[in-house]
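sequence? don't have it. structure:
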């Protein structure tokens with residue numbers, strides 16, 4: 001599921017470089033997806049309360065929720 005891959009990617013990328021504003025293209029490249037799919041997935045993650053988007057900045061609001069989502073896809 002793409003939301004799980006994006007969640008996993010966000011956690012990894014934010015841990016790797018927390019101050020970098022990752023572009024949707026960079027996230028898409030990391031997740032082996034398209035920019036439009038990542039944009040849709042980010043909107044769904046935001047609607048679910050996991051993240052907040054402010055312009056280009058993506059803030060993780062519910063890290064535990066993102067981790068749980070990313071782990072669901074591995075089971």
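Great, that's in hand. Please read all numbers here as calculations on a predicted model, not as lab measurements.

hey, let's count contacts and neighbours off CA atoms from now on
Fine.

contacts for the strand or helix carrying residue 43?
Element membership for residue 43, per DSSP states H and E: helix 35-47. For helix 35-47, contacts defined as C-alpha atoms under 8 Å, 6 or more residues apart in numbering pick out 2, 3, 6, 24, 25, 27, 28, 51, 52, 53.

kindly recompute the last result at 10 Å.
1-7, 10, 23-29, 31-32, 48-53, 58-62, 65-66 (C-alpha atoms under 10 Å, 6 or more residues apart in numbering).

list the buried residues of that helix.
35, 38, 39, 41, 42, 43, 45, 46 (16 or more other C-alpha atoms under 10 Å).

and that helix, how far out from the chain's middle?
From the chain centre to the centre of helix 35-47 is a distance of 8 Å (C-alpha atoms, centre = their mean, to the nearest Å).

longest helix anywhere in the protein?
Criterion DSSP state H: the longest helix present in the chain is helix 2-16.

that one - contacts with which helices or strands?
helix 24-31, helix 35-47, strand 57-60, helix 63-72 (3 or more C-alpha pairs under 10 Å, 6 or more residues apart in numbering; DSSP states H and E).

any stretches of this structure with poor pLDDT?
Scanning the chain for pLDDT under 70 picks out the ranges 73, 75.

swap in 80 and give it another go.
Within the chain, the segments meeting pLDDT under 80 span 72-75.

who are the contact partners of residue 26?
9, 13, 32, 33, 34, 35, 38.

restricted to buried residues, select the residues you listed in ChimeraX.
Selection of buried members from these for ChimeraX, criterion 16+ other C-alpha under 10 Å:
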select :9,13,33,35,38
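
now, the most widely separated pair of the contacts of residue 26?
13 and 34 (17.0 Å; C-alpha to C-alpha).

ok, back up a step: among the buried residues of helix 35-47, which one sits closest to residue 71?
residue 45 (15.1 Å).

need the three-state assignment for residue 20.
coil (DSSP: H, G, I helix; E, B strand; the rest coil).

surely it and residue 10 touch.
No: between residue 20 and residue 10 there is no contact, the gap being 11.5 Å when judged by C-alpha atoms under 10 Å.
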